[in-house]
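[1] model this:
(one chain, ligands or ions: 2)
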Amino acid sequence: MTGMQRETLFEIEQVVFSYDQKNLALNGVSLEIFAGERLAILGSNGSGKSTLLKLMDGLYFAQQGEIRYRGTRLTSELLNQENFAFGFRRAVSLVFQDSDVQLFSPSVWDEVAFAPLQLDLAPAEVEARVAEALGGLNITTLRDRAPHRLSGGEKKKVAIASVLSLRPEIWLLDEPTAGLDPRSQSWLIDFIQERWRQGNTIVTATHDLDVLDDIADRVIVFNEMHRVEAMGTVAEILSDEELLVRCNLAHRHRHYHFDDVVHEHHHLHQGEHQHTHLE
Ligand SMILES: Nc1ncnc2c1ncn2[C@@H]1O[C@H](COP(=O)(O)OP(=O)(O)OP(=O)(O)O)[C@@H](O)[C@H]1O
Ligand SMILES: [Mg+2]
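    Ligands and ions are numbered 1, 2, ... in the order given. Reported below is the predicted structural model:
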């Protein structure tokens, strides 16, 4: 990357957003996203991760400040212009945290074919993309099932397949590994790495500190005030114990040892069973 200036895809500048005009979801958030990077967004529940991804996907719009996509300010008027919307929707795609919000088609096939059909591709190409996406996620056998009658993890896979068939350049992934079994999680991490090697930009909201190394080059951390608390490399963020505790990403855990000495450790927040010590 030395010498070459990377293209800036998103410039997020002092963005303020509230769903209800009372409680802030984003409170003056600024950051940039560069072409070809892998960025992870960390933050406690309710800190604003999903909201930021929805604004980047043009589903909501900044009430103060602005988001520019390749230099153009995202507004509802702009997204209503077919020319712009077509290019934008083709390039940028969000996998929702809650698959139920994303899935709307009567069958898995229809769901995964929706984007290629919107692109007006030839029927054989649509079929090829659907087959590839279903095969890639190992859900070919679900093709005739109703998405809303699948298990949570199956739904998540269908949601990912429905984005994969679009082949976007910019992936916005909202807690993509949540609810997936270990093999599917591992597949998804390989998948993210492969998309990145192909030149795609990957922005992932996650609580899973274990996968950061595999899915991110750069990390931003939201705090409970709905602002950016920190930005850095994965190593910088993971080594900042104070930051992780302050932002509810690691928790204090009282620990009794056999010698009856009480130690207080900080633990990476990754469930109750694995105890990775930060010290
Ligand atoms: N549809 C909504 N209506 C009103 N308030 C909302 C809505 N969605 C989110 N919020 C509020 O906006 C804030 C940010 O929520 P957001 O979903 O962006 O958080 P998050 O960081 O993604 O959390 P989580 O880790 O739980 O997914 C929270 O205070 C939340 O209560
Ligand atoms: Mg969220």
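
[2] without its sequence neighbours, what residue ends up closest to residue 49?
    residue 205 (3.8 Å; C-beta to C-beta, 6 or more residues apart in numbering). Every residue, glycine included, has its C-beta placed from N, CA and C.

[3] typed the wrong thing, it's residue 35
    Nearest non-adjacent residue to residue 35, counting by C-beta to C-beta, 6+ apart: residue 7, 4.1 Å away.

[4] quick check: the one you found vs ligand 2, distance?
    27 Å (C-beta to the ion, to the nearest Å).

[5] equivalent analysis for residue 228, please.
    16 Å.

[6] beta-bridge partners for residue 172, please?
    Per DSSP bridges, the residues bridged to residue 172 are residue 94, residue 203.

[7] got a list of what it touches?
    53, 56, 57, 92, 93, 94, 95, 203 (C-beta atoms under 8 Å, 6 or more residues apart in numbering).

[8] could you redo the last one with a cut-off of 10 Å?
    Going by C-beta atoms under 10 Å, 6 or more residues apart in numbering, residue 172 touches 33, 41, 50, 52-54, 56-57, 92-96, 163, 201-205.

[9] of those, which count as buried by neighbour count?
    Using 16 or more other C-beta atoms under 10 Å as the burial test, the contacts of residue 172 include 33, 41, 50, 52-54, 56-57, 92-96, 163, 201-205 as buried.

[10] so which of the residues you listed reach ligand 1?
    residue 50 (C-beta under 6 Å from any ligand atom).

[11] so which of the buried ones among the contacts of residue 172 are also by ligand 2?
    residue 50 (C-beta under 5 Å from the ion).

[12] how deep is the closest residue to residue 213 other than its chain neighbours tucked in, by neighbour count?
    Closest residue to residue 213 apart from its sequence neighbours, by C-beta to C-beta, 6+ apart: residue 234 at 5.5 Å. Look at residue 234: counted by other C-beta atoms under 10 Å, it has 18 neighbours.

[13] then the host helix or strand of residue 111 to CSV, C-alphas only?
    For residue 111, the element it lies in under DSSP states H and E is helix 108-118. The C-alpha coordinates for helix 108-118 follow below in CSV (Å, rounded to 0.1, in the frame of the first residue of the first chain):
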residue,chain,number,x,y,z
VAL,A,108,-34.8,-19.8,-0.9
TRP,A,109,-34.2,-20.0,-4.7
ASP,A,110,-36.3,-16.8,-5.2
GLU,A,111,-34.4,-15.1,-2.4
VAL,A,112,-31.0,-15.8,-3.8
ALA,A,113,-32.1,-15.1,-7.4
PHE,A,114,-33.6,-11.8,-6.5
ALA,A,115,-30.5,-9.7,-6.9
PRO,A,116,-29.3,-11.4,-10.2
LEU,A,117,-32.8,-10.9,-11.6
GLN,A,118,-32.7,-7.2,-10.6
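
[14] wait, isn't the residue nearest to residue 213 in contact with residue 40?
    Yes. Look at residue 234 against residue 40 with C-beta atoms under 10 Å: they come within range, at 7.5 Å.
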